[in-house]
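Novice: what would the 3D arrangement of this be:
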Amino acid sequence: MVNLTIDGRALQAKDGQTILDVASAANIYIPTLCNHPKLAPFGGCRMCLVKVEGMRSVVPACTTPVAEGMKVTSSDGELVDLRQSILELILSEHPSACIVCEDRELCFKYHREPQKAGSCTGCKTCPNLEGCELYKVAENLGIRDIGVKIEYKDIPARRGDPFLDRDYNICIMCGRCVRVCDELRGESAIAFTQRSGKATIGTAFDKPLTESGCVFCGACVDTCPTGALSEKRTKWGGKADQILPTTCTLCPAGCALFVEIKFGRVLNSRPTNGGPSDGQLCSLGRFCLPPLVNYNKRLEYPMVRKGKGLQPVDWDAAFARAAERLKAYKPEEIGIVVSPNLTNEAGYLLKRFAKEVLGTDNLILASRMANPVADGLKAAMGRAGPVGTMADLAAAQSILVVGSDLELDAPVLLPPIYQAKKHGAAVLFAGRVSRLPRYTDLHASPSDLCSFVAEIVRHALPAQAGPMGLPPSHLPAEEANVAREMAKKLAGTRLAIVFGEQIAGPDGARIAALLAALAAHAKGALLPVWDGGNVQGMLDLGIQGKAPGNLKALYLTQQIEKIPEGVELVILQDIYKSELMGKAEVVFPASAFTETGGTATSLEGRLQRVAACSSLPKMANEDWAIITKLAAATGGQGFGFTSVKDITDEMFKAFPAMKVGSMAGQPSMKAVNLGSLPASAPGTLVPRRGICHRGAPVREMVDDYDRVLTRWGVPK
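Specialist: Numbering: from 1, shown residues only. This next block holds a predicted model:
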């Protein structure tokens, strides 16, 4: 520990901490505009200049490490004058009417909402009115006038990119956006450009962000201290009524986020400071959530078929019709498609409803990955779950990504992979990718993924190749050489393996078992990127089943590609209007994940809370409430739940392992013969491909997301 004083206060610090770190921890305010807790010290804005006894000049607190016996003065008359002068120079090129206006206190009190404008010229036309750090620093320093020449930059605003606008007229060149894009995300899509008084931030050759390598994660917007970067859809929405925490279930990463609510609707979403993704989001969680939840084709009323069309009815009539029709079929003729976007509680109730009320075991999880991967992992490890966390990715010495286009499947796994790369890890990709990270060491898109993985195992684990029954290699010479090169880079390292939907073919179980063998040998991490937000939770509940061929009645909780032949009755519990309504006899309008409470289980096996943040549209209801009331209408006993907490408590009693998550130490590899694992047949009750919410492709509902995928060449 290091002993020092700041403004006469005796403090202790750790080696390597800066003066600003110690002052912030001790609630000693030192103004700064370029510093950010997740970024390396930069020293660009010079607002944090302090005096240190024994040093001839002032020093920036953000880049100066503490030393034993150091005596620091964080603020005095000379420092305040110096900071004011620096800030006035910054403000000379920044619209500053909000800062020097004599009526600003009254204006902020009575006129809080921003006004739409083509370009920012002051406080009321600034999209960052509520969170401007520049204003807060100016307020602290008592800026009331600008004593230098004012010069407006007059830079055309960039409004042609998806999701966000760029107005560099209010940029203060703090560099946060450049640094977060490089240091945390590894994309380097933007940089400092030009020099001297013309210096600005932009892309190479001033190209659009769609051509610069930007992944539209929104990290730059979240770190910008002014309104230079703002999101198109929500920047004029004003101040939220509530800001509530929840978990994103659009992909299996399970990122923690804050949802901003206004008039009961989702206004915006932004990352929390922690969570499994450590405060990072992707374009889905950061920008797509409001348009998805507020989509104009939401189901709003329960409906039953009368003649050739569906007509709105009250809930009792809808439950009565569904119960009557379901009773007409034998248990083995009824199938329930379980959406991986449901909460664990809704999945638990569906399982009880199927078994106890309908008497059927035909619960089919709407996932291509679930059956083959679960079979392979169970055979190899005895359980169908992950090993390790995203933090293990950042600490790995080698990372193997198999069959997952991470930029689409779970983008927030890429930042920890990049952190590992910065520390020397080898990053290897096997499978199709729409956009390969620039820091990839080796990539192959093999003709036979199973043979390719087997070749890696053959050379990485030669002692186990025989007992596992590895088939002879029939790979082309070029692919075999790449597999062997990957095996060399993996050997003797702390390994992390990530795999995704592309392994979900006939050999899916074999590939999963092979990857589990690699992870067990290296005592490494094994993370399945499931093709759905809560696949892991449903597997933990024992919901996995394959669709039988004799179904006559189908209860859907999301959209699927097509209704199998022979199905006579379709009951649809969903959130969006779709073509399936043309075949449905009963329609239940359900809840998006921001409208319901419960839990979900991430790809790490982490149990996370999902909160009801926004209002349900019209007569829509939460999934757990719909299932509860339908079960009662069908004659079920013990479904009298009045809160989601009661369901959670009962679920934990039935499945106690879920309460602590699916992680249970390192995998213990069983002796398994690959030839004994069944080949997976293509399913008929499958969701559409790509990131979906309740089976509805996100790109069909969010135009800007479709623009990004189209630019990357992702087919529809």
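Novice: how close does Leu539 sit to Tyr348?
Specialist: Separation of Leu539 from Tyr348 (Cβ to Cβ, to the nearest Å): 13 Å. Where you see a C-beta, it was placed from the backbone N, CA and C, and this is true even at glycine.
Novice: for the stretch 251-400 of the chain, which segments count as helices?
Specialist: Under the criterion DSSP state H, counting those that start in this stretch, the stretch 251-400 of the chain contains helices at 283, 289-293, 315-326, 344-352, 370-381, 390-395.
Novice: and for the stretch 551-700 of the chain?
Specialist: Assigned by DSSP H, counting those that start in this stretch, the stretch 551-700 of the chain shows helices spanning 623-633, 644-654, 656-660.
Novice: make TSV from those and add distance to Leu299, mean pLDDT and mean neighbour count to it.
Specialist: TSV is the format used below for the helices of the stretch 551-700 of the chain (distance: least, Cβ to Cβ, whole Å; pLDDT from 0 to 100; neighbours: other Cβ atoms under 10 Å):
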stretch	distance to Leu299	mean pLDDT	mean neighbour count
helix 623-633	12	97	24
helix 644-654	21	96	17
helix 656-660	30	84	13
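Novice: got a list of what the residue nearest to Ala97 when sequence neighbours are not counted touches?
Specialist: With Cβ to Cβ, 6 or more residues apart in numbering as the criterion, Ala97 has its nearest non-adjacent residue at 3.4 Å, and that residue is Gly122. Applying Cβ atoms under 8 Å, 6 or more residues apart in numbering, we find Gly122 in contact with Pro95, Ser96, Ala97, Cys98, Cys101.
Novice: pretty sure Pro65 contacts Gly16?
Specialist: Yes: counting by Cβ atoms under 8 Å, Gly16 is a contact partner of Pro65 at 6.3 Å.
Novice: of these two, which one has the most company?
Specialist: Relative neighbour count places Pro65 above the other of Pro65 and Gly16, with 15 against 9, counting by other Cβ atoms under 10 Å.
Novice: backbone phi and psi for that one, please?
Specialist: Main-chain torsions, Pro65, degrees, to the nearest 10: phi -70, psi 150.
Novice: on the pLDDT front, check it for me.
Specialist: Listed pLDDT for Pro65 reads 96.
Novice: how about it: what's its closest non-neighbour residue?
Specialist: Spatial nearest neighbour of Pro65, excluding adjacent residues (Cβ to Cβ, 6+ apart): Thr18 at 5.8 Å.
Novice: and that neighbour, how far from Val52?
Specialist: Using Cβ to Cβ, Thr18 is found at 12 Å from Val52.
Novice: which neighbours do those two share?
Specialist: Thr64.
Novice: ok, how many other residues are close to Asp392?
Specialist: Number of residues near Asp392 (other Cβ under 10 Å) recorded here: 21.
Novice: please read the previous query as pertaining to Met538.
Specialist: 29.
Novice: residue ranges with poor pLDDT in the chain?
Specialist: Along the chain, the model assigns pLDDT under 70 to residues 111-113, 123, 462-468, 661-671, 683-684.
Novice: the stretch 601-716 of the chain: strands as residue ranges?
Specialist: For the stretch 601-716 of the chain, the strands defined by DSSP state E, counting those that start in this stretch occupy 607-610, 692-693, 696-697.
Novice: distance to Arg233 added to those strands, as CSV?
Specialist: Shown next, in CSV, are the strands of the stretch 601-716 of the chain (distance: least, Cβ to Cβ, whole Å):
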stretch, distance to Arg233
strand 607-610, 23
strand 692-693, 17
strand 696-697, 19
